[in-house]
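K.L.:
next input, structure requested:
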Amino acid sequence: MKFAKLFNTLILLVSSLIFLFSCSSTQDTKTPIVFYGPIEEIILDTVYIEKDLETSRLPSTFMYDASSRSLISLAQNSLFTVPYPELTPVNKQLLEKEGPDGIGTFSYGGLITDDYIFILNSPKELIQLDKKGKVLKRIPFPLDSKIPNALFNILKGQQISWDKENQRLIIPLVPFVLKEESFENNPWIWEADFTSDEIRPLASFTFPELYKEFLEDVELGTFYNTYHPKLQAQVISMPASDSLLLIHADRQEWKYAGSSEKLQFLKGKTEQYGEMIAFLPNHESSRYGAITWDPYRNHFVRNLIISEKKVNDKVIRDHRLLFFDADFQKLAEISFNADIISRTPFFTPDGVYLKLLDAESDDYEGYVRLKTEF
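P.N.:
You can find the predicted model right below:
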């Protein structure tokens, strides 16, 4: 009897251990729950910024500046500053075009960081300014770099990034259309080193073979990039690739970051009009867009166009925002109408914001704040 009781006790103990191990293993391998839904389900509130005669059109994105507790944006050759969270009044400072603090008459874009403002002055130099618009440094573009020819893509939404730790500005050289020569191992990412005042190649990569199907396409032959501060890696989003290309100092790898939807990548066409060539993308094609880094929640946000179809003279745009954590685990896939809400987010400590494009008033513009604690 004692032996039988001991045997039963051992059986119970072993069963308990197996159960605990099984539960532990299940928890360790559990797939994170991904949130799917329309953007209306994650809108926390809408904030409004008043306009006046000097601020008839407000920027789509801002950068939160902790030192001044304000939102700052660079647009229309002007510096916009808005107290946050008060959101009033708006200050618009027109930056100098000529002279020692001049930024030139036309810019290919810029970037505001915690410490500086950077402007890509067409077509000759990179300018570093302080937060008040005073020029601190000018670095000329290398004559043989082709940087000025590629920088106009910044206007399409491609970004430049600031690597504060290494004091360098990261500049993508995005091709306007993909050519055969683009499939060589080209230096697509450049760096402006502010410790040596040099602009030089930083990272090279080749487009995947499948992109040869999209030669001459102005939408499917470009790319978007951002910088992963924790991994110190370039993150490349290609329009016809579900995965992201990560470029580290010593290696390259692909990370899946795709949609749950079935996507269709359709090549556009070109038409010759005398000496002019018209590039006509296929708007019914799916395509991935910009990827941005949220420094407050350590998230990536990737833009995706499922399709843009014309129905009864009305364009129906099926757009998504894909959210990923710093390890590229998918957190959410949010659908929205890009005719009403901007595709480009900006970030503050208390939320992710998107501009409302359907203006309700001439006196103010609205921005929705999203709940992104998925």
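K.L.:
tell me the buried residues in stretch 186-195?
P.N.:
By neighbour count with 16 or more other Cβ atoms under 10 Å, stretch 186-195 contains the buried residues 186, 188, 189, 190, 191, 192, 193, 194. In this view, the C-beta of every residue, glycine as well, is placed from N, C-alpha and C.
K.L.:
would you turn those residues into JSON lines with distance to residue 96?
P.N.:
As requested, the buried residues of stretch 186-195 are exported to JSON lines (distance: Cβ to Cβ, whole Å):
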{"residue": "186", "distance to residue 96": "36"}
{"residue": "188", "distance to residue 96": "33"}
{"residue": "189", "distance to residue 96": "30"}
{"residue": "190", "distance to residue 96": "27"}
{"residue": "191", "distance to residue 96": "27"}
{"residue": "192", "distance to residue 96": "21"}
{"residue": "193", "distance to residue 96": "26"}
{"residue": "194", "distance to residue 96": "21"}
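K.L.:
ok, residue 134 to residue 144 distance?
P.N.:
If you measure residue 134 against residue 144 using Cβ to Cβ, to the nearest Å, the figure is 31 Å.
K.L.:
please enumerate the helices of this protein.
P.N.:
For the chain, applying DSSP state H gives helices covering 2-28, 147-150.
K.L.:
thought residue 119 was touching residue 96, still the case?
P.N.:
No - counting by Cβ atoms under 8 Å, residue 96 does not reach residue 119; the two are 11.2 Å apart.
K.L.:
which neighbours do these two have in common?
P.N.:
When Cβ atoms under 8 Å, 6 or more residues apart in numbering defines a contact, the residues bordering residue 96 and residue 119 alike are residue 103.
K.L.:
those two: which is more packed in?
P.N.:
residue 119 (24 against 16; other Cβ atoms under 10 Å).
K.L.:
before we move on, the earlier item: going by distance to residue 300, which of the buried residues of stretch 186-195 wins?
P.N.:
The nearest member of those to residue 300, counting by Cβ to Cβ, is residue 189 at 17.3 Å.
K.L.:
re earlier: lowest pLDDT pick from the buried residues of stretch 186-195?
P.N.:
Ranked by pLDDT, the buried residues of stretch 186-195 bottom out at residue 186 (89).
K.L.:
list the contacts of that one.
P.N.:
Residues near residue 186 by Cβ under 8 Å, 6+ apart: 173, 204, 205, 206.
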